[in-house]
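**Student:** sequence-free structure coming up:
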């Protein structure tokens, strides 16, 4: 069990809060505008849009030192909707890790639509949360949180693998926005 | 129905041949070393490893003019097994399209393990072939071939979307090589 702070009360923040509470963790859900309340979790989920991450880090960077910080973002370029807004050889997760050198950053949940986190399955397959990060203990902690809620966690590799997770997340959003799949569907991971 | 040439007799070449024949198309399956036989298909599938594509193009480039050329490769960097061997903002498909300006290049099948093309399903979901390309007619032709075999085809967008398809293909290979999923599993596309 862990004590988890979630910043952001949108559909992803709500879904991850529900998942964490279901698994028996204590959860603190904060609106991103509530900058006066310090985060107390050992795990802090940045459940805000990519465009808001820099602001959250500017406000709370010092509070995040020593903590597991979870990046759920898909840094879609919303001007073109035809690619990502990060460097071609980079990722939002890499940017966040560079900005928070004293935190253990894990990419997670960005390949899951919120609906699949709530439902626990996608097309009859258990919802699988793909994780990427350089700290094995941080990934194991988060995998435990996911598993306790009845979902599957799969370690996809080091933080550099976030690049592929963000490509997958963007592709999935692009297919749903183009009505090729629904927002309750998407990529299921078949073991 | 189409007349389809497949260059490469490995597991992908065999699986795509079977799929095309099942759908009632005529199929010509050529070993990549059989350079003396000209391709006659309207659709030519380059079912060879990425490292062999340049050689095939050097041998057969002129024969491919005016044809739909299908790129199935995953250009994994096999020295590091930690990324792709193409430019960070590019793709194998983009390289092939640049080398074959008179062909209509479609990225397809690279997100499908051969087993899923043979089985027709992944984890209870119909096998879905993701397509990317700039020529709508070429994509429609290939989608028809896929659909006639009982599989689903989904148009993922322009040829620039091959970048995400290749990221997905690499991620899937990486998960299977790391025994996180099996070679008969992988990403299912849930509509």
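**Tutor:** Structure received. All values reported here derive from a predicted model rather than from experimental measurement.
**Student:** from residue A:4, how far out is the spatially closest residue to residue A:23 that is not a sequence neighbour?
**Tutor:** Closest residue to residue A:23 apart from its sequence neighbours, by Cβ to Cβ, 6 or more residues apart in numbering or on different chains: residue A:148 at 3.0 Å. C-beta: built from backbone N, CA, C; applies to glycine. As judged by Cβ to Cβ, to the nearest Å, residue A:148 and residue A:4 stand 11 Å apart.
**Student:** what is in contact with the two at once?
**Tutor:** residue A:25 (Cβ atoms under 8 Å, 6 or more residues apart in numbering or on different chains).
**Student:** look at these two and report which has more neighbours.
**Tutor:** Taking neighbours as other Cβ atoms under 10 Å in any protein chain shown, residue A:148 and residue A:4 compare with residue A:4 leading, 28 against 16.
**Student:** for the more buried one, helix, strand, or coil?
**Tutor:** strand (DSSP: H, G, I helix; E, B strand; the rest coil).
**Student:** OK, contacts around the residue at minimal distance from the centre of chain A?
**Tutor:** Nearest to the mean C-alpha position of chain A, by Cα atoms, centre = their mean, lies residue A:72 at 2.2 Å. Residue A:72 makes contacts with A:12, A:16, A:45, A:46, A:47, A:108, A:109, A:110, as judged by Cβ under 8 Å, 6+ apart.
**Student:** name the nearest residue to it, sequence neighbours excluded.
**Tutor:** Residue A:72 sits nearest to residue A:109 (Cβ to Cβ, 6+ apart), 4.2 Å away.
**Student:** hang on, that neighbour in a helix?
**Tutor:** No: using three-state DSSP, the secondary structure at residue A:109 is coil, not a helix.
**Student:** next, the contact list for it, please.
**Tutor:** Counting by Cβ under 8 Å, 6+ apart, residue A:109 touches A:12, A:16, A:45, A:70, A:72, A:117, A:129.
**Student:** get me the contact residues on chain A for chain B.
**Tutor:** The interface of chain A toward chain B, taken as Cβ under 8 Å from any Cβ of the partner chain, is made up of A:82-83, A:87-89, A:122-125, A:154-158, A:160-161, A:163-165, A:167-168, A:170-171, A:174-175, A:178, A:180-182, A:185-191.
**Student:** tell me the helix or strand right after the helix ranked longest in chain A.
**Tutor:** Longest helix in chain A, counting residues (DSSP state H): helix A:162-177. With elements assigned by DSSP states H and E, the helix or strand that comes after helix A:162-177 is strand A:186-190.
**Student:** return the distance of that following strand from the chain's centre.
**Tutor:** 17 Å (Cα atoms, centre = their mean, to the nearest Å).
**Student:** now do stretch A:168-178, average pLDDT.
**Tutor:** The average pLDDT for stretch A:168-178 rounds to 98.
**Student:** what comes up buried for that stretch?
**Tutor:** A:168, A:169, A:170, A:171, A:172, A:173, A:174, A:175, A:176 (16 or more other Cβ atoms under 10 Å in any protein chain shown).
**Student:** can you show me the helices along chain A?
**Tutor:** A:11-22, A:50-60, A:92-99, A:114-119, A:136-148, A:162-177.
**Student:** what's the closest non-adjacent residue to residue A:123?
**Tutor:** residue B:190 (3.3 Å).
**Student:** and that neighbour, what does it touch?
**Tutor:** A:122, A:123, A:125, A:181, A:185, A:186, A:187, A:188, B:125.
**Student:** for those, pick the one with the most neighbours.
**Tutor:** Within the contacts of residue B:190, residue A:187 tops the neighbour count with 29 neighbours, counted by other Cβ under 10 Å.
**Student:** what residues are bridge-paired with it?
**Tutor:** residue B:189 (DSSP bridges).
**Student:** quick one: it and residue A:173 touch, right?
**Tutor:** No: contact criterion Cβ atoms under 8 Å: residue A:187 and residue A:173 do not qualify, at 11.1 Å.
**Student:** from the contacts of residue A:72, which would you call buried?
**Tutor:** Looks like those have A:12, A:16, A:45, A:46, A:47, A:108, A:109, A:110 buried, using 16+ other Cβ under 10 Å.
**Student:** distance check, the fourth one against residue A:52.
**Tutor:** Going back to what we said before, that points to residue A:46. 9 Å.
**Student:** am I right that residue A:13 is in contact with residue A:44?
**Tutor:** No: contact status for residue A:13 versus residue A:44: not in contact, 11.7 Å apart, counting by Cβ under 8 Å.
**Student:** overlap of the contact sets of those two?
**Tutor:** With Cβ under 8 Å, 6+ apart as the test, residue A:13 and residue A:44 both reach A:6, A:7.
**Student:** ok, residue A:137 - contacts?
**Tutor:** residue A:104.
**Student:** and it, what's its pLDDT?
**Tutor:** So, for residue A:137, pLDDT stands at 98.
**Student:** swap in residue A:1?
**Tutor:** pLDDT, residue A:1: 85.
**Student:** measure how buried it is and give me the count.
**Tutor:** Neighbours of residue A:1 using other Cβ under 10 Å come to 11.
**Student:** can you list the weak-confidence ranges in chain A?
**Tutor:** By pLDDT under 70, chain A has no low-scoring segment.
**Student:** neighbours of the residue nearest to residue A:157 when sequence neighbours are not counted, how many?
**Tutor:** In this structure, residue A:157 finds its nearest non-sequential neighbour in residue A:132, 5.7 Å apart by Cβ to Cβ, 6+ apart. The burial count assigned to residue A:132 is 26, neighbours taken as other Cβ under 10 Å.
**Student:** lovely, talk soon.
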